[in-house]
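**Q** Okay, here's the prediction I keep looking at, along with the sequence it came from:
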Amino acid sequence: PFTRYIPREQLIRDQEDMDGDFYGIGVQFSILRDTVMVIKVLDNGPSKKANLLGGDRIIVVDGQNFTGEDINNDKVMNTLRGKRGEKVELTIFRKNKGKIKKTLYRDVIPLKSIESAYLIKSSIGYIKLDKFSATTHHELKEAILMLKDKGANKLILDLRNNGGGYLQQAVDVSNEFLEKNFEIVSTGGKYRKKQTYFSNKKGLFKKGDLVVLINENSASASEILAGAIQDNDRGYIVGNRSFGKGLVQEQFLLKNGAAFMVTVAKYYTPSGRSIQKPYNNIDSIPSKKFKTKEGRDVYAEGGIMPDYEIYRDTMSNFESDFWIKNNTILYEKAFDFADENREYINSENYELFLNKNQNQLWAKITRLSKSKLEKDSMMVFKKDLLPFFKRMVLNHILSTEEIIYFDNKDDEYLKKALKILLI
């Protein structure tokens, strides 16, 4: 199950993502109206050195037109990435300036697995972990040391939407939180001997209170870490049942540069749970009870069940239909608003600026109504629709770290984690 073929180009992108870096020009981009729009320029990268700005349109690359219906994410990445030191000739279009030519040289662009780390309260650190790549353990140690230097003795580790990665990185990260000789995970299968991984007492955060956040998109290596924390009674798990991907896979390269990922074993949490969910929607897993290190009951039901579950508000049918029908045009409107106001809005004043201009933002939404009835329905859900649209605008202004900080201000998962840690 889950054996899959990976084409050559996708394999290259996947490998770059898991290696933790690639060679490119250092921009976050979006494709809007058949044009590559620079959303953010990464610090210390080639584009920053060449003075590219958010809002610039890349219209020519190495003398070739770079606009039109055939422009897609794969083409952009395959064109702008390459070998270190290679020259890239760009023509950009900048609002109120016209066409500008830029010469850049590709350089290393880090792909951080830790998207954010900061003190959320005076003694509580927060770390957002996006994936388990080759650099994750090193990044985590740096983040823990930084937070401890600032006074953190408790920690929230956010694994929401973390789809996993390398098994060894999950083991190494888990080790940072456990005393010596605690089981972290075991693997085994029909054609693989059982292998068990233990902690080695060298962890940097073996003592402080710990809460791990998960959701339905936390998978694989994330589940190894969450399972190790839960089964060893090292901390609390908050959120929603995780994805349930408890399979070990090996990569087999093909002559054409593509690869097969083949399932060779399952992994098991310290209590003995396999957290692999059913292979199809018909099968079901009987709820089997296991015991944690201190004797608490935990269950194997497909995925890691949190100690504290968060029940999220669901969208109304009207809201869901509205976003599905209008997502593309709202995305464009959000970009246009951000583009028109780049010189006035920044990471320091964005909340004040958006609140001051929320009538203008709301007008952009209500213009999409097709009838008085629909407009009246919009008013009913204004308290939900307007913040969503503001968030769209901020995606074109703020860095990933700043977006996470903004989202965390009113996050139910974090509220619960803080309540646990502040008791």
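**A** Perfect, thanks for sending it.
**Q** mind listing the helices for the stretch 101-250 of the chain?
**A** Counting by DSSP state H, counting those that start in this stretch, the stretch 101-250 of the chain has helices at residues 136-149, 167-175, 221-231.
**Q** looking at the ones you listed, which is buried most?
**A** For the helices of the stretch 101-250 of the chain, the largest average neighbour count (mean count of other Cβ atoms under 10 Å) is found in helix 221-231, namely a mean of 28. C-beta here means a position set from N, CA and C on the backbone, and glycine is covered the same way.
**Q** what separates that one from the chain centre, distance-wise?
**A** Relative to its chain's centre, helix 221-231 lies at 18 Å (Cα atoms, centre = their mean, to the nearest Å).
**Q** for stretch 289-302, same thing?
**A** Per Cα atoms, centre = their mean, the centroid offset for stretch 289-302 relative to its chain is 29 Å.
**Q** Identify the residues contacting it?
**A** Defining contact as Cβ atoms under 8 Å, 6 or more residues apart in numbering, one finds that stretch 289-302 is touched by 182, 230-233, 241, 244, 269-278, 285, 287-288, 305.
**Q** which of those count as buried?
**A** Buried by 16 or more other Cβ atoms under 10 Å: 182, 230-232, 241, 244, 269-271, 273-277, 285, 305, out of the contacts of stretch 289-302.
**Q** Lowest-confidence one in these?
**A** Among these, Ile285 carries the weakest pLDDT, at 59.
**Q** So which bits of stretch 368-386 are buried?
**A** Buried residues in stretch 368-386, defined by neighbour count with 16+ other Cβ under 10 Å: 369, 377-378, 385-386.
**Q** Convert the C-alpha atoms of it to CSV, please.
**A** Extracted C-alpha coordinates of stretch 368-386, given in CSV (Å, rounded to 0.1, in the frame of the first residue of the first chain):
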residue,chain,number,x,y,z
LEU,A,368,-19.5,39.9,-5.7
SER,A,369,-23.1,39.5,-4.5
LYS,A,370,-25.6,38.7,-7.3
SER,A,371,-28.8,39.6,-5.4
LYS,A,372,-30.1,41.4,-2.4
LEU,A,373,-30.7,38.1,-0.7
GLU,A,374,-27.1,37.1,-1.2
LYS,A,375,-25.9,40.5,0.1
ASP,A,376,-28.1,40.1,3.1
SER,A,377,-26.6,36.7,3.7
MET,A,378,-23.1,38.2,3.5
MET,A,379,-24.0,40.6,6.3
VAL,A,380,-25.0,37.7,8.5
PHE,A,381,-21.5,36.2,8.1
LYS,A,382,-19.5,39.4,7.9
LYS,A,383,-17.7,38.6,11.1
ASP,A,384,-16.3,35.5,9.4
LEU,A,385,-15.9,36.6,5.8
LEU,A,386,-14.0,39.9,6.5
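**Q** any chance you could map the strands in the stretch 51-200 of the chain?
**A** In the stretch 51-200 of the chain, the segments counted as strands under DSSP state E, counting those that start in this stretch are 57-61, 64-65, 87-94, 98-105, 107-110, 114-121, 124-129, 154-158, 183-189, 192-198.
**Q** burial count for the closest residue to Glu16 other than its chain neighbours?
**A** Nearest non-adjacent residue to Glu16, counting by Cβ to Cβ, 6 or more residues apart in numbering: Phe22, 3.9 Å away. Using other Cβ atoms under 10 Å, Phe22 has 19 other residues around it.
**Q** looking at this, Phe22 is in a helix?
**A** No. Phe22 is assigned strand when assessed by DSSP: H, G, I helix; E, B strand; the rest coil, not a helix.
**Q** Got the confidence number for it?
**A** So, for Phe22, pLDDT stands at 93.
**Q** where's it relative to Asp107, distance?
**A** In this view, Phe22 and Asp107 are 10 Å apart by Cβ to Cβ, to the nearest Å.
**Q** Deepest-packed of the strands of the stretch 51-200 of the chain, please.
**A** The highest mean neighbour count among those, using mean count of other Cβ under 10 Å, belongs to strand 154-158: a mean of 26.
**Q** Check the burial of Glu412 by counting its neighbours.
**A** 13.
**Q** so it makes contact with Glu309?
**A** No. The criterion here is Cβ atoms under 8 Å, and Glu412 misses it with Glu309 at 11.0 Å.
**Q** the longest helix in the protein is where?
**A** helix 317-340 (DSSP state H).
**Q** Show me how far whatever helix or strand comes next after it is from its chain's centre.
**A** Sequence-wise, the next helix or strand downstream of helix 317-340 (DSSP states H and E) is helix 350-356. How far helix 350-356 lies from its chain's middle: 26 Å, per Cα atoms, centre = their mean.
**Q** Stretch 267-280 now?
**A** Computed by Cα atoms, centre = their mean, the separation of stretch 267-280 from the middle of its chain amounts to 24 Å.
**Q** heads up, I number from 24, so please use that
**A** In the new count, where the first residue is 24, that last one comes out as stretch 290-303.
**Q** what's that stretch in contact with?
**A** Stretch 290-303 is contacted from outside by 24, 190, 205-211, 246-247, 250-251, 253-255, 265-271, 289, 307-308, 311, 313-316, 321-323, 325-327, using Cβ under 8 Å, 6+ apart.
**Q** and with 6 Å instead?
**A** With contact meaning Cβ atoms under 6 Å, 6 or more residues apart in numbering, stretch 290-303 is reached by 24, 206, 208-210, 246, 250, 254-255, 267, 269, 271, 289, 313, 315, 321, 323, 325-327.
**Q** Return the residues in contact with Arg80.
**A** Residues in contact with Arg80 (Cβ under 6 Å, 6+ apart) are 58, 60, 116.
**Q** Recalculate using a threshold of 10 Å.
**A** Contacts for Arg80 (Cβ atoms under 10 Å, 6 or more residues apart in numbering) come out as 52, 55-56, 58-61, 89-90, 114-118, 122, 362.
**Q** Which residue, other than its chain neighbours, is closest to Tyr28?
**A** Spatial nearest neighbour of Tyr28, excluding adjacent residues (Cβ to Cβ, 6+ apart): Phe283 at 5.8 Å.
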